[in-house]
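> build the 3D model from these lines:
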Amino acid sequence: MITRRSLILGVVMAPIAVAGASVGGVRKADARRVRQAARVPGKVYARGRGRGGGGLLRTLGSGVFSVSNANDAYVAVVQLEVLPKDSPVLAMRRGVLNAESWGSGFGASGAKGSASWRLDRATADEVARLWRVTRRDRAPLGAGLVGRWNPKGPFVVGKPLEIVLTLDNGGTTPVWFNTGGRQRGARDNRFLFGAKMGGDALAVVDAPDFGGIGSIQPLEPGKTLERREDLSRWVAITKPGLYQVSCRYELELTTSTKGGQWPDHGHEIWDWAVDDVIDVRVG
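Sure, this is the predicted structure:
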């Protein structure tokens, strides 16, 4: 499964390269037609280097889907019969779009590679028309899901400061969500904590994560689950007193175990977070 937690909007336009020779992985028969095919909007081809160009790339599947709750940022993705050595490009009516990423294949049988482009909504509409696919938008998920924060005290300076998040599905359908993915490091960065004492904010400990193994699990209607984290991994509390602690937990909700899979289910995600500020007394 391929998912992306967040995508920055960006489209790179460049002149269409004039093709001559083929590059690795491009069929020779296609390479002879690059000059003509590269001018056809919607075609994907290998860019190539120098005076020689790339050849046409045969696509086995495609999709255009939203990657933001506001439906103002999109990804266009194609499955490729071969994986080119250079960045694929997508021919448009004015120039080409350089692929934001490309790599090993997924999905369709016989696919050896894939490529994706980051798009704004207008460009997503244009690409969807060229590929004759439906632009897929996000829809809200998680109706009835609520979160509650509680300190698991009493707390003492120098000891763990455990904060408990309880997730409650008060809706009528299961809530599916991603777990993991941000815990390869000193802490689980799906959490975010800050603390103040007397109006003065404590410095937040810098502890980046390096991803992590993730999975998708359901929370059935009427059920609850807990997540626990140590506040001292975010802020250093060195003296007793009353602290105002800001708490945040981030999830990507999905429709099922298939939610978020490119390209057909890439839009079946909803970014969700629960925030609160609680009082924590440390002795």
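> tell me the secondary structure at Arg184.
coil (DSSP: H, G, I helix; E, B strand; the rest coil).
> any idea which helix or strand carries the residue nearest to it when sequence neighbours are not counted?
Closest residue to Arg184 apart from its sequence neighbours, by Cβ to Cβ, 6 or more residues apart in numbering: Gly212 at 3.8 Å. Any C-beta I mention is one placed from the backbone N, CA and C, and that applies to glycine too. Using DSSP states H and E, Gly212 sits within no helix or strand.
> give me the pLDDT for Gly212.
As predicted, Gly212 sits at a pLDDT of 77.
> does it touch Gln183 like I think?
Yes. Taking Cβ atoms under 8 Å as the definition, Gly212 is a contact partner of Gln183 at 4.3 Å.
> who has more neighbours, the two?
Gln183 (18 against 15; other Cβ atoms under 10 Å).
> you'd agree that one is up against Ser215?
No. Between Gln183 and Ser215 there is no contact under Cβ under 8 Å: 11.7 Å.
> and stretch 173-182, how far apart are its ends?
Stretch 173-182 has an end-to-end distance of 26 Å (Cα to Cα, to the nearest Å).
> so which bits of that stretch are buried?
Residues 175-179, 181-182 are the ones in stretch 173-182 that count as buried (16 or more other Cβ atoms under 10 Å).
> mind listing the helices for the stretch 1-150 of the chain?
28-31, 34-37, 121-131 (DSSP state H, counting those that start in this stretch).
> circling back: nearest to Val82 among the buried residues of stretch 173-182?
The shortest approach to Val82 among the buried residues of stretch 173-182 belongs to Gly181, at 30.2 Å (Cβ to Cβ).
> wait, the closest one sits on Ile216?
No. Gly181 is beyond contact range of Ile216, at 10.4 Å (criterion: Cβ under 8 Å).
> quick one: low-confidence ranges for the stretch 101-250 of the chain?
105-110 (pLDDT under 70).
> quick one: the closest residue to Glu126 other than its chain neighbours from Ala122, how far?
Excluding the flanking residues, the one nearest Glu126 by Cβ to Cβ, 6+ apart is Met92, at 7.0 Å. Taking Cβ to Cβ, to the nearest Å as the measure, Met92 falls 12 Å from Ala122.
> mind listing what the closest residue to Leu57 other than its chain neighbours touches?
Nearest residue to Leu57, sequence neighbours excluded (Cβ to Cβ, 6+ apart): Val44, at 4.8 Å. Contact partners of Val44, counting by Cβ atoms under 8 Å, 6 or more residues apart in numbering, are 56-57, 59, 78, 80, 88-91, 115.
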